[in-house]
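> Sequence below, structure please.
(2 chains)
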Amino acid sequence: MFCVTPPELETKMNITKGGLVLFSANSNSSCMELSKKIAERLGVEMGKVQVYQEPNRETRVQIQESVRGKDVFIIQTISKDVNTTIMELLIMVYACKTSCAKSIIGVIPYFPYSKQCKMRKRGSIVSKLLASMMCKAGLTHLITMDLHQKEIQGFFNIPVDNLRASPFLLQYIQEEIPDYRNAVIVAKSPASAKRAQSFAERLRLGIAVIHGEAQDAESDLVDGRHSPPMVRSVAAIHPSLEIPMLIPKEKPPITVVGDVGGRIAIIVDDIIDDVDSFLAAAETLKERGAYKIFVMATHGLLSSDAPRLIEESAIDEVVVTNTIPHEVQKLQCPKIKTVDISMILSEAIRRIHNGESMSYLFRNIGLDD
Amino acid sequence: MPNIVLFSGSSHQDLSQRVADRLGLELGKVVTKKFSNQETSVEIGESVRGEDVYIIQSGCGEINDNLMELLIMINACKIASSSRVTAVIPCFPYARQDKKDKSRAPISAKLVANMLSVAGADHIITMDLHASQIQGFFDIPVDNLYAEPAVLQWIRENIAEWKNCIIVSPDAGGAKRVTSIADRLNVEFALIHKERKKANEVDRMVLVGDVKDRVAILVDDMADTCGTICHAADKLLSAGATKVYAILTHGIFSGPAISRINNAAFEAVVVTNTIPQEDKMKHCTKIQVIDISMILAEAIRRTHNGESVSYLFSHVPL
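Residues are numbered from 1 along each chain as shown, chains lettered A, B, ... in the order given. Prediction:
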């Protein structure tokens, strides 16, 4: 599973071949902003490649320069058409593999399907499936950012570098939010309390956690906690088997644990997709006396109506990074701000290509972040 | 039940016996011993050809020896033509090493998962995995059972004032687990948010939520050296909690845990018997045990009979 190339061999290979090729596997040109920025920072040209859809909607990839013996970095940002984006990536990875690339490193800042990383009833663990598919296609290394759950790294049989956007978001808080000293970091659901804590710790601020009916998207009701079912009627077949009964979960009213009165509330999370739960959280925070509400997240999917809803809501600012293109959403909603993270991605690419240590990129990162 | 054989590893004979009793089975004959060079030797003492084999082994005590023994037992059954081998691992070993949380950290849980699959396990039954994503480390079915129903029952039966209690998470990471229990009991929750510089080392703790004049119940999935929960107990008492209980699924209690619990102000520290607790109970009267053998037994029975779990949600069996 973990194979180590002897160092001498590595250097020899670098002498004979080497070189770095940067591809973007996106057919959609709006998704190429990030790859262009990374290429600029690295001072290299984007590799020549054509990715397009044939009339029958199949994806076709044509790589127009040699990759033999080279380190190929494939940057893929996830567009609205997520399944097509995945196919583009897989096809390009496989094309590079069959064309004798030395190593194929996927740069996928936002890992799609990462919320489906748990088994729910008979559900599939899609993240795992995707990880297996990527490994099978020939990926030898993956660079990603703020995985929804860090355990997803274990779904891969290849090294995964999970970079963090938090230093950039923290910098934004410190530089762009006046009076951030009077802020409190808010987790909009208990599941994101850990992230909130790691932000709060580094900013030396307090935390608050919201809990209640509005956020049921990741409820444990469906994750197999009831398996086997805890019903007393089981005893009808096996009188000896007495299993404690589980009463149905009551929908609790929204509660905020922690004090937000007279403070700036900064809600932190990893993904903003559907904004309903953020809006509900913002309403609650306003009621409890927070005078300004910021939302910070790494991945701004901002699907469907999100920009309009944010514009009309009590939220003052939504800060996301450019792991996912959201130019259109920004035009609809000036409250959305972007933090550029191309710097850390390009640095990671440079270090991996040169075989340097990556730990510098993880300095000041807490265990919980 | 026909075609079923239940084996017990040497880690937790008592639990295996309870499961066997519940199922009305005898434990299969197996001799595990060590050669003089400390290699583990396993002899399966009865035929398993075509049988549905269940091997119960918990990740506790001499973890590596027990893991090796389990792997060897799985492999022995597999190559002896059993039709299916299910490893029942109440406490999954190395579950805390489930992510690369710092540079060059190994994901040992994934390694263990691969080793179990390679040894020949066809199915895994476990309980309260440290992170449910560990299910995805396997390419075989994994049933992650929950001790929560048993915990809820214990709270209702043993804490008289449970309606006026508050469920507390000793760290932010456990907030979700805690809210799930708090919702089912219809009580409030609080959490302790701490600044920790290194693992297993506790710094400043901040309590978020109101515990004044209430019974505080600390809930977590495992307790190892107990530094965190003992500090948390002090914090809760100084914040005005009337009594403090701690409820944990896996009571590992290594190192100074027992003396820490003895010195701390717990009313009781409640754990399940996924790990043997008899010895520790002798040294610490505050430890109480919830039996979860019936949950494992029922899971084994259902798996063996190929019964649908969801069928029973909506139908009452005759």
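
> what does the stretch 151-300 of chain B put close to chain A?
Applying C-beta under 8 Å from any C-beta of the partner chain, we find that the stretch 151-300 of chain B lies next to chain A at B:152-153, B:169, B:171-173, B:175-176, B:178-180, B:182-184, B:186, B:188-191, B:193-196, B:199, B:206, B:208-209, B:294-295, B:297-299. Heads up, the C-betas are built off the backbone N, CA and C, glycines and all.

> what about 6 Å?
Neighbours of chain A within the stretch 151-300 of chain B, by C-beta under 6 Å from any C-beta of the partner chain: B:153, B:172-173, B:175-176, B:179-180, B:183-184, B:186, B:190, B:193, B:195, B:208-209, B:294, B:298-299.

> among these, which ones are buried?
B:153, B:172-173, B:175-176, B:179-180, B:183-184, B:190, B:193, B:208-209, B:294, B:298-299 (16 or more other C-beta atoms under 10 Å in any protein chain shown).

> and these, which of them are in helices?
B:Gln153, B:Ala175, B:Lys176, B:Thr179, B:Ser180, B:Asp183, B:Arg184, B:Met294, B:Glu298, B:Ala299 (DSSP state H).

> can you put these in TSV and add distance to B:Lys286?
Conversion of these to TSV gives the following (distance: C-beta to C-beta, whole Å):
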residue	distance to B:Lys286
B:Gln153	20
B:Ala175	25
B:Lys176	27
B:Thr179	26
B:Ser180	25
B:Asp183	27
B:Arg184	25
B:Met294	25
B:Glu298	30
B:Ala299	30
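
> how about low-confidence regions in chain B?
B:195-203, B:308-318 (pLDDT under 70).

> make it 80
By pLDDT under 80, the weakly predicted segments of chain B are B:1, B:101-103, B:194-204, B:308-318.

> longest single helix anywhere in it?
Max-length helix for chain B by DSSP H is helix B:63-79.

> Strand partners (parallel or antiparallel) of the very next helix or strand once past that helix?
The helix or strand immediately downstream of helix B:63-79 is strand B:84-89, counting by DSSP states H and E. Strand B:84-89 has its sheet partners listed here by DSSP bridges as strand B:52-56 (parallel), strand B:123-127 (parallel).

> Only C-alpha atoms, please: export strand B:84-89 in CSV.
C-alpha atoms of strand B:84-89 as CSV (Å, rounded to 0.1, in the frame of the first residue of the first chain):
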residue,chain,number,x,y,z
ARG,B,84,-18.5,-16.3,5.7
VAL,B,85,-16.3,-14.8,8.5
THR,B,86,-17.6,-11.9,10.5
ALA,B,87,-15.3,-10.1,12.9
VAL,B,88,-17.2,-8.7,15.9
ILE,B,89,-15.0,-5.9,17.3
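
> residues in contact with it?
If you take C-beta atoms under 6 Å, 6 or more residues apart in numbering or on different chains as the criterion, strand B:84-89 is touched by B:52-56, B:74, B:77-78, B:120-126.

> go again using 7 Å as the cut-off
B:52-59, B:70, B:74, B:77-78, B:116, B:120-126, B:296, B:300, B:303 (C-beta atoms under 7 Å, 6 or more residues apart in numbering or on different chains).

> Which residues of the stretch 251-369 of chain A lie near chain B?
Applying C-beta under 7 Å from any C-beta of the partner chain, we find that the stretch 251-369 of chain A lies next to chain B at A:Pro252, A:Thr255, A:Val257, A:Gly258, A:Met358, A:Ser359, A:Phe362, A:Leu367, A:Asp368.
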